[in-house]
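K.L.:
Attaching a predicted model along with its sequence, questions to come.
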Amino acid sequence: MALKTFTGETMQEAMAKVKAEVGDEALIVSNREIKKRTLTTPGLYEVVVEVEDNNRTQQPKRRIIDDLDTAKKDEVLLKISEAAKKINTLSKNSNMSETKNTSTNIVEIKEVQKEMQEIANTMKLLQSTIWDLNSCKRENLVIPPEFSEIYAIAKNSGMHKEHLDEIMNLTLKHMPLKMRNNPVTIKRYFNTLLRRIIPIRQERELSAGVKKIMMFVGPTGVGKTTTIAKLAARYAFQKHKKYKVGIITLDTYRIGAVEQLMTYARMMKLSIEAVVDPGDFVEALNRLRNNDIILIDTVGSSQHDKEKVDKINSFLSVNTFASIDVNLVMSATTKYEDLKDIYENFSILPIDTLVFTKLDETKRIGNIFSLVYDVKKPISYFSIGQEVPDDLIVASSEYLVDEMLKDVK
């Protein structure tokens with residue numbers, strides 16, 4: 001049996017040498033600490049491995065990566081122990097003499113603080129290694145430890161695991177090796193990649209004489225009516241170029257919804273029409289055709305209520321003086337599977353863009369990313385609160401990704 005010895009200042013360094021020269025499948029015979037590390041001198045660790053002999057029967061092996069993880073934990077515990085002893089010594093010395101050797105104590109304390117920060121960073125790396133290893137093996141996805149933090153944050157955001165693994169594969173495939181040693185660089189690269197994936201519908205100024213008609217559809221309770229009020233105020237008063245805005249409501253099923261829009265329209269001095277059937281719809285559009293922008297509210301319905309969705313579709317079949325953009329409004333508090341179900345059932349309508357509301361009511365919006373990643377429809381607006389008109393923002397991939405990758409504990 002041929003044995004080979006590797007040493008390093010840390011167990012992690014020694015294990016890395018084994019992995020580099022012998023490979024992941026090296027059979028470890030022993031590993032030990034030869035010399036303890038102190039604040040002023042490096043440690044010494046030894047790993048002995050058996051070198052493959054093709055003429056011998058192969059024995060069960062431990063993966064080197066498993067021992068590497070153990071080595072990291074041992075190293076962290078050792079650092080914590082040493083730092084704690086040093087802090088205790090400094091504390092005793094400080095109590096004995098508060099003024100004596102003050103400058104020396106300050107230097108030593110700073111050294112300990114620096115070491116404790118290094119320990120905290122290592123602990124954070126170990127803590128965030130939480131992905132499903134069995135799933136990774138099934139998908140042939142091996143995630144290096146330095147990517148564990150960003151993987152954990154993205155998973156915690158509510159992003160669908162299948163999408164996360166696909167994107168992590170892209171990251172590992174295309175990210176330059178020299179960028180992988182810095183967690184900040186890794187997060188920035190991952191952030192940039194996600195931004196490029198998200199489709200966004202840019203808000204553009206209307207050319208002279210051009211009319212815009214926008215219809216808002218979606219389930220009950222997602223905030224379509226309030227979103228329309230916010231957009232009406234935005235177009236009529238907030239933008240650099242002020243537009244003449246008209247409103248049509250098809251939601252005559254709910255008296256409250258009609259009254260709510262009527263109140264907003266009176267406050268903003270906007271024209272409003274209530275419509276029951278497609279014939280009335282054409283007449284209402286013609287009465288409002290002198291407006292630059294017409295916003296249409298529809299009855300909220302379950303995505304499984306085919307009769308109501310078909311009724312909305314009948315309004316889209318009439319001849320109009322301008323094309324109608326159909327905006328599907330959904331709540332950010334809805335889980336990914338239900339968002340997809342809503343989209344699929346409303347997609348009998350010619351959906352142009354997506355609007356997401358209630359972003360202020362959840363800290364996990366990876367579900368939004370997963371939906372747009374899946375259906376490839378652009379987002380136009382985010383509603384981030386109840387205030388009219390302030391709590392409405394034009395969608396951007398930067399905003400979505402930054403909010404999604406906040407380290408929510």
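P.N.:
Received the coordinates, thanks.
K.L.:
Please make it C-alpha for all contacts and neighbour counts, starting now.
P.N.:
Fine.
K.L.:
Just the pLDDT for residue 208.
P.N.:
Per-residue confidence for residue 208 comes out at a pLDDT of 85.
K.L.:
Show me what counts as buried in stretch 280-300.
P.N.:
Of the residues in stretch 280-300, 281-282, 284-285, 288-289, 291-300 count as buried by neighbour count, 16 or more other C-alpha atoms under 10 Å.
K.L.:
Where strands are concerned, which of the residues you listed count?
P.N.:
Taking DSSP state E, the ones among the buried residues of stretch 280-300 that sit in strands are 293-297.
K.L.:
which pair in the residues you listed spans the largest distance?
P.N.:
Between any two of these, the greatest separation by C-alpha to C-alpha is 13.3 Å, found for 293 and 297.
K.L.:
Measure how buried residue 189 is and give me the count.
P.N.:
The tally of other residues near residue 189 (other C-alpha atoms under 10 Å) stands at 17.
K.L.:
just the strands in the stretch 151-300 of the chain please.
P.N.:
Secondary structure of the stretch 151-300 of the chain by DSSP state E, counting those that start in this stretch: the strands cover 212-217, 245-249, 271-274, 293-297.
K.L.:
Of these, which is nearest residue 369?
P.N.:
Nearest to residue 369, of all the strands of the stretch 151-300 of the chain, is strand 212-217, at 20.1 Å by C-alpha to C-alpha.
K.L.:
on that earlier part again, of the ones in strands among the buried residues of stretch 280-300, closest to residue 156?
P.N.:
residue 297 (34.7 Å).
K.L.:
so what's the closest one closest to, chain neighbours aside?
P.N.:
Excluding its sequence neighbours, the residue lying closest to residue 297 (C-alpha to C-alpha, 6 or more residues apart in numbering) is residue 249, at 4.6 Å.
K.L.:
same check, this time on residue 392
P.N.:
residue 383 (4.5 Å).
K.L.:
so that neighbour touches residue 354, yeah?
P.N.:
No - counting by C-alpha atoms under 8 Å, residue 383 sits too far from residue 354 to count as a contact (11.6 Å).
K.L.:
would you say residue 333 is within a helix?
P.N.:
No - per DSSP: H, G, I helix; E, B strand; the rest coil, residue 333 lies outside any helix segment and is coil.
K.L.:
Report pLDDT for the nearest residue to it once chain neighbours are set aside.
P.N.:
The shortest distance from residue 333 to any residue other than its chain neighbours is 6.0 Å, reached at residue 362 (C-alpha to C-alpha, 6+ apart). We have a pLDDT of 92 for residue 362.
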